[in-house]
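Undergrad: Using only what follows, build the 3D model:
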Amino acid sequence: MTADSVAVLRKPPHPLKQPYRDIGPTHICRFHNYRFCDKGKDCDFDHTHCHICLHPGNIALECEHYLDDDLFRKFQRAYTLKNTRPVDLVKRTIFGHKVW
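TA: Numbers count the residues shown, from 1 in each chain. This is a model prediction of the structure:
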């Protein structure tokens, strides 16, 4: 089994379970890289850079690092633990109320 066939068999990760990645002051759009961004041109996030390798011109699902299973697992281990920033989180109860 080749690296390309493993990537084809792998289910794409959910965009919100992927870490924040920045290019300058702008976050890279995780939905554009891993699924589909509904906002299109109205999206405030970067749609030109790859979420994994940070190079312009391709998206994460087409990246050579995503297609190589070992490299993608290393990326997941290195960055997924730093997925959320406390200042970006709004803690809520199971009923949707803010926790003070």
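Undergrad: Next, the buried residues of stretch 74-81.
TA: F75 (16 or more other Cβ atoms under 10 Å). All C-beta atoms are positioned from the backbone trio N, CA, C, and that covers glycine.
Undergrad: could you dump it to CSV, C-alpha only?
TA: Backbone C-alpha positions of stretch 74-81 (Å, rounded to 0.1, in the frame of the first residue of the first chain) are rendered in CSV as follows:
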residue,chain,number,x,y,z
LYS,A,74,3.9,13.8,13.3
PHE,A,75,2.0,17.0,12.4
GLN,A,76,-1.0,15.8,14.4
ARG,A,77,1.1,14.9,17.5
ALA,A,78,3.1,18.2,17.4
TYR,A,79,0.2,20.6,16.9
THR,A,80,-3.1,19.2,18.0
LEU,A,81,-2.3,19.5,21.7
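Undergrad: So what's the gap between it and the chain middle?
TA: Computed by Cα atoms, centre = their mean, to the nearest Å, the chain-centroid distance of stretch 74-81 equals 11 Å.
Undergrad: cool, stretch 34-53 as well?
TA: 10 Å.
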